[in-house]
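Chemist: how would this look folded up:
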Amino acid sequence: MNITMNIECTPEEARRLMGLPDMAPIHDLYLDKFREAMTTGLTPEMFEQMVRTWSPMGEMGMNAWRQLVDQMTGQRAGTSKG
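Modeler: Numbering: from 1, shown residues only. From the prediction side, this is the model:
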């Protein structure tokens, strides 16, 4: 036996129905901080720290990003072009 149920609701209504927290204020806070960093000047160190913080695997994730950027720019680990 198959039973199909269609429920029409907004994402906000679905979030409340499932008891999930409202993350909009936190999302807005992150966006404000990001905008502030972009307008005041984002240094490479700030960008690295931001990616490191947001990286799902911590240091391993950061190393994966660094290797990807190095490959895209033609740099190899331990060498520099210049």
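Chemist: ok, now how distant is D28 from E36?
Modeler: Plainly put, D28 is 13 Å away from E36 if you go by CB to CB, to the nearest Å. The C-beta positions use only the backbone N, C-alpha and C, and glycine is treated the same way.
Chemist: which stretches in this protein count as helices?
Modeler: 11-18, 24-40, 44-54, 59-73 (DSSP state H).
Chemist: go through the ones you listed and name the closest to M1.
Modeler: helix 11-18 (25.0 Å; CB to CB).
Chemist: buried residues, that closest one. List them.
Modeler: Judged by neighbour count (16 or more other CB atoms under 10 Å), helix 11-18 contains no buried residues.
Chemist: tell me what angle it forms with helix 24-40.
Modeler: Relative orientation of helix 11-18 and helix 24-40, computed by axes from the mean of the first three to the mean of the last three CA atoms, to 10 degrees: 130 degrees.
Chemist: tell me which other helices or strands helix 11-18 touches.
Modeler: Applying 3 or more CB pairs under 8 Å, 6 or more residues apart in numbering; DSSP states H and E, we find helix 11-18 packed against no helix or strand.
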